[in-house]
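[1] Sharing a model that was predicted from the sequence below.
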Amino acid sequence: MSAATPSKPKLWLGAFAGFYRPGVEEVRGLDPISKFLYSARSVILVISAQAAIIAGLLALADREFRPLPFVLVLVGLVAAHMISNLSNDYFGFKRGHDTPDSPRMRYTVHPMASGVLETRLLVTGLAILCAICTAIAAYFILERGWTAAAFAAAGIALLFLYDAAPVPLKSIGLGEPAVFLVWGPLMIGGGYAMIAGRVSADAFWISIPYGLGVMSILVGKHIDQIEFDARKGNRTLPVLLGERAARGLNLATLVLIYGVAAALILSGRLSPFAAAIALALPRAAHALRILARPRPDAPPQGYVGWPLWYHRACLEHNRLFGWMYILGLAAGAAWPTLRL
């Protein structure tokens, strides 16, 4: 390996950082694990890791944190997210949505349409991920009983209904609300229940700002590809609402994130330390400015990820918001009795 060639672990870690990259030809020359990680859009997996960490910190604040269940929740949510990404690409390709002119083919590697992943590598990777998720679900069902079975069934149902069902949720304007439910109440509320061993109403309430943040990412993405989706008959929420109304919805969503968090702090459900999310307000303001204007006809010089425009602004906001939310919850776990 030459001095200019990154080591394999560095390549693997690089798949989780930054924004969508690199190009198809560059990925073709990478090792099988790197190919799989880039094809699975690992850069977006941070949202599932953050959801698991939030659930863990809520359990820690209640003095009901258990290390092994937390690790299993973290691994399980990230693995399930990878399966979802690959499933989304598979069915998008099979249904003829991910064609050479589609936005999906332009901003990052498509595992099937690009030919980057050999069938054997794709099947092997998916088999490993499914085995991991199945083993984790079985463990929690044995340990937590019907509660775990209910959360597992809900997760599997939403995964199937989102893009694998004959009439997928994302084609009838329900994909975006489904994402809110998954990355909010299901991952955080369900993750808390698996870690702590009980269901918590507070965990569900506290999951709402984060779930809204993840929903804003998908709404932004679907605004970016609204013309293509409309031509293909893929009736996402922005297609149903129209471009201007969809931007207005996402503007309201970003404002609501902070409004709900403030209400939770004032009501005593959320630690005052969660006000650390104010450090993400400049990035929220940037996303609001982006959403307030129509997308430019061409990307600025050096822009990465085109044609994603609103999606990138919302993703970068949610990434910082998530870490600041986690910072506030970590401080709240250290001083759990401090409430307004």
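    Okay, I see it. Numbers count the residues shown, from 1 in each chain.
[2] which residues does the residue nearest to Arg198 when sequence neighbours are not counted contact?
    Nearest non-adjacent residue to Arg198, counting by CB to CB, 6 or more residues apart in numbering: Glu64, 7.4 Å away. Glycine gets a C-beta too; all of them are placed from N, C-alpha and C. Residues near Glu64 by CB atoms under 8 Å, 6 or more residues apart in numbering: Ile195, Ala196, Gly197, Arg198.
[3] Where does Glu64 sit: helix, strand or coil?
    coil (DSSP: H, G, I helix; E, B strand; the rest coil).
[4] Against Tyr139, how distant is it?
    18 Å (CB to CB, to the nearest Å).
[5] if we can go back for a sec, tell me the predicted confidence for the residue nearest to Arg198.
    On pLDDT, Glu64 comes in at 95.
[6] What strand or helix carries the nearest residue to Thr236 once chain neighbours are set aside?
    Ranked by CB to CB, 6+ apart and with sequence neighbours excluded, the top spatial neighbour of Thr236 is His222, at 4.1 Å. Using DSSP states H and E, His222 sits within helix 201-224.
[7] and that helix, what does it pack onto?
    Applying 3 or more CB pairs under 8 Å, 6 or more residues apart in numbering; DSSP states H and E, we find helix 201-224 packed against helix 46-61, helix 175-181, helix 237-241, helix 243-266, helix 310-334.
[8] Near Gly233, how many residues? Count them for me, please.
    Look at Gly233: counted by other CB atoms under 10 Å, it has 10 neighbours.
[9] That one: what's its closest spatial neighbour, skipping adjacent residues?
    Ser171 (7.7 Å).
[10] Over to Leu11?
    Ser34 (4.6 Å).
[11] Just the CA atoms of the helix or strand harbouring that neighbour, as CSV, please.
    Assigned by DSSP H and E, Ser34 belongs to helix 32-39. The C-alpha trace of helix 32-39 is given here as CSV (Å, rounded to 0.1, in the frame of the first residue of the first chain):
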residue,chain,number,x,y,z
PRO,A,32,-15.2,-5.1,-0.3
ILE,A,33,-16.1,-3.7,3.1
SER,A,34,-15.5,-0.1,2.0
LYS,A,35,-17.7,-0.8,-1.1
PHE,A,36,-20.5,-2.1,1.1
LEU,A,37,-20.3,0.8,3.6
TYR,A,38,-20.4,3.5,0.9
SER,A,39,-23.2,1.6,-1.0
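[12] and it, which residues are buried?
    Across helix 32-39, burial judged by 16 or more other CB atoms under 10 Å covers Ser34, Lys35, Phe36, Leu37, Tyr38, Ser39.
[13] Spatially central residue for this structure, please.
    Ile47 (4.2 Å; CA atoms, centre = their mean).
[14] Could you report the separation of that one from Pro67?
    Counting by CB to CB, the gap from Ile47 to Pro67 is 23 Å.
[15] since we're on Asp163, how many residues are nearby?
    Asp163, neighbours per other CB under 10 Å, totals 20.
[16] and the gap between it and Glu316?
    For Asp163 relative to Glu316 (CB to CB), the value is 25 Å.
[17] ok now do the residue nearest to Leu11, which residues does it touch?
    Lys8, Leu11, Trp12, Ala15, Val27.
[18] Wasn't the third one part of a helix?
    Going back to what we said before, that points to Trp12. Yes. Per three-state DSSP, Trp12 lies within a helix segment.
[19] what pLDDT does the residue nearest to Gly233 get?
    90.
[20] again, but for Ala285
    97.
[21] Return the distance of the helix or strand containing it from the chain's centre.
    Remark: Ala285 resides in helix 281-291, with elements defined by DSSP H and E. Computed by CA atoms, centre = their mean, to the nearest Å, the chain-centroid distance of helix 281-291 equals 19 Å.
[22] what angle do that helix and helix 201-224 make?
    If you take axes from the mean of the first three to the mean of the last three CA atoms, to 10 degrees, helix 281-291 sits at 40 degrees to helix 201-224.
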